[in-house]
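Peer 1: no sequence for this one, just the structure:
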């Protein structure tokens, strides 16, 4: 069974972001980078599926500059068999249509039985790439899954809907699923597995070999949102802060008047 | 400018988000028509043409079939824009439509400035204006952003639609949300724990503050996913939508999905060490402090008052 997992490297969302010089993206330097959280669930599910079926090969793919190798190495240490980096120093300028086109071009000849992606990236958050890859490959896709099972060529997945409701959906492979948080518990790579990962194949291919389409959109401008409502900001000694807050709550909403 | 609004139906009911699509079209000054896979027994209050497919025949979720019917309507109506909610239904179907139309798709629109869609980036910390290079455009709208000034009214002119496309996916029904115990939607005070509480033992500290304020405690998604709190305490689009008098967000950065679940709160207090956290945008009072130091002190003072 051939399995592909598409992952992205994103900044830690707790980072101090700065807008870049041309005002169209965030500045990439001085950020701590990690694997997109949703993609960790995708890698874990792929590795669990391999453990279930035995004869399977898991390829993990990422698009980006040199640093994305770190995210790929983590996926290898989690249990993926091989990694592919599509080298692109300007991946952030590509729109979801271009990113999906590149991955579909890579995947088309390889005939993967299952493709896993995160449901969205934590930075751009378009949530489009997974579905677009599936549509380009003419295979079914199930989005936002929080439960996955595979048996005899059929997937049964639970999709997470609003308000805690789930819907149950079945389809046959080949197929693509996009993974939501809570799908599983992503494993931490152990030291022996990190060492083992160093010997696994990590192939680098220039994105120009696969990118054949123009983008349909681009970022015109990026900025920090204005603070709305002019809320009061309090700082200082915790004891004083508590007194101030209690006074405000009492005056403004009488929530303490019980 | 003409917009095709894709309404939603769930478990036999029309979703209220349908009216956010109408509000969006009104804000743009666009003519609109509507598409719904639903039932003629529960029509939206909408003064326009409604293309209606029967959900009992085509199921409430089948992107392959819904896509084909929607494309048929698009061929007939030639809209400039196809508008979805940024919901489990919308973000699943919208990319399929955008690819079929060869149109740009902008996800999670929170504003339109001079005709340019604006979307959040990095969990809402930044905003991005998107230049669209195609004549047709597909958008999904962030929930709760666009709302009607007046109550929705009108009755639509219904145009029934059908298709014979083959099915790849089988929709097998719904699994209800876990229930039991806590109904946060009725609580007047909610103190919620976010990832910033650091470790599961600190839930107790949040629960104590909630108790001192006479309310319930809630949690953000990461806290529930880590099993530090039960799912029935989760506030957000995939948890409960709440509207208490007082909402205290402890160590919650303010991911969009969380904000959508709590922004109807009357008074919001945020406690966070990160001054740039998006929760600051909607907080009435933003306490910049380490909650592990601040919360116990606040709780103790509250207990001593009462």
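Peer 2: Good, I have the coordinates. Note that the structure is a prediction, hence the values are computed from the model and not measured.
Peer 1: in the chain, where is pLDDT below threshold?
Peer 2: As the question left the chain open, I've gone with chain A. Scanning chain A for pLDDT under 70 picks out A:227-229, A:255-258.
Peer 1: sorry, should have said chain B
Peer 2: Ranges of chain B meeting pLDDT under 70: B:178-181.
Peer 1: in what helix or strand does the residue of it found nearest chain A lie?
Peer 2: When scored by C-beta to the nearest C-beta, chain B has residue B:177 as its residue closest to chain A, at 3.1 Å. C-betas here are computed from N, CA, C, even on glycine. Assigned by DSSP states H and E, residue B:177 belongs to no helix or strand.
Peer 1: list the residues that contact it.
Peer 2: Residues in contact with residue B:177 (C-beta atoms under 8 Å, 6 or more residues apart in numbering or on different chains) are A:163-165, B:231-232.
Peer 1: now these: which count as buried?
Peer 2: Among the contacts of residue B:177, those classed as buried by 16 or more other C-beta atoms under 10 Å in any protein chain shown are A:164-165, B:231-232.
Peer 1: grab the nearest non-local neighbour of the residue of the stretch 51-200 of chain A found nearest chain B.
Peer 2: Here the stretch 51-200 of chain A gets closest to chain B at one residue, residue A:164, 3.1 Å apart by C-beta to the nearest C-beta. Computed as C-beta to C-beta, 6 or more residues apart in numbering or on different chains, the closest residue to residue A:164 that is not its neighbour in sequence is residue B:177, at 3.1 Å.
Peer 1: tell me the residues of the stretch 1-150 of chain A that contact chain B?
Peer 2: A:11, A:13-14, A:16-17, A:19, A:26, A:95-97, A:122-128, A:131-132, A:135-136, A:140-144 (C-beta under 8 Å from any C-beta of the partner chain).
Peer 1: buried ones among these?
Peer 2: A:11, A:13, A:17, A:26, A:95-97, A:122-128, A:131-132, A:135-136, A:140-144.
Peer 1: so residue A:9 touches residue A:67, yeah?
Peer 2: Yes - the pair residue A:9 and residue A:67 qualifies as a contact (C-beta atoms under 8 Å) at a distance of 6.6 Å.
Peer 1: who's more crowded, these two?
Peer 2: residue A:9 (23 against 12; other C-beta atoms under 10 Å in any protein chain shown).
Peer 1: tell me how far the more buried one lies from chain B.
Peer 2: For residue A:9, the distance to chain B equals 14 Å [C-beta to the nearest C-beta, to the nearest Å].
Peer 1: the longest strand seen in chain A pairs with which strands?
Peer 2: Counting residues, the longest strand found in chain A (DSSP state E) is strand A:141-151. Strand pairing for strand A:141-151, using DSSP bridges, gives strand A:154-160 (antiparallel), strand A:175-179 (parallel).
Peer 1: which is the succeeding secondary structure element to the last one?
Peer 2: Yep, that's strand A:175-179 we're talking about. Counting by DSSP H and E, what follows strand A:175-179 is helix A:191-197.
Peer 1: mind giving me the domain ranges of chain B?
Peer 2: B:2-160, B:184-305 (automatic domain parsing).
Peer 1: need the winner for burial among those domains.
Peer 2: Across these, averaging neighbours per residue (mean count of other C-beta atoms under 10 Å in any protein chain shown) puts domain B:184-305 on top, at a mean of 21.
Peer 1: ends of it, how far apart?
Peer 2: 25 Å (C-alpha to C-alpha, to the nearest Å).
Peer 1: for that domain, what is the distance to the chain centroid?
Peer 2: 19 Å (C-alpha atoms, centre = their mean, to the nearest Å).
Peer 1: ditto for stretch A:234-242
Peer 2: That offset, for stretch A:234-242, works out to 38 Å (C-alpha atoms, centre = their mean).
Peer 1: what's it in contact with?
Peer 2: Residues contacting stretch A:234-242 (C-beta under 8 Å, 6+ apart): A:244-245, B:285-290, B:293-294, B:297-298, B:301.
Peer 1: how about those in CSV, adding distance to residue A:201?
Peer 2: Below are the contacts of stretch A:234-242 laid out as CSV (distance: C-beta to C-beta, whole Å):
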residue, distance to residue A:201
A:244, 59
A:245, 56
B:285, 54
B:286, 49
B:287, 51
B:288, 48
B:289, 49
B:290, 45
B:293, 49
B:294, 50
B:297, 55
B:298, 54
B:301, 60
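Peer 1: ok, residue B:284 to residue B:197 distance?
Peer 2: Separation of residue B:284 from residue B:197 (C-beta to C-beta, to the nearest Å) stands at 21 Å.
Peer 1: one more: residue B:165?
Peer 2: In this view, residue B:165 and residue B:197 are 49 Å apart by C-beta to C-beta.
Peer 1: again, but for residue B:47
Peer 2: 48 Å.
Peer 1: for the closest residue in space to residue B:113 that isn't next to it in sequence, give me the backbone phi and psi.
Peer 2: Among residues not flanking residue B:113 along the chain, residue B:129 sits closest, at 6.6 Å (C-beta to C-beta, 6+ apart). Dihedral pair for residue B:129: phi -90, psi 130, per degrees, to the nearest 10.
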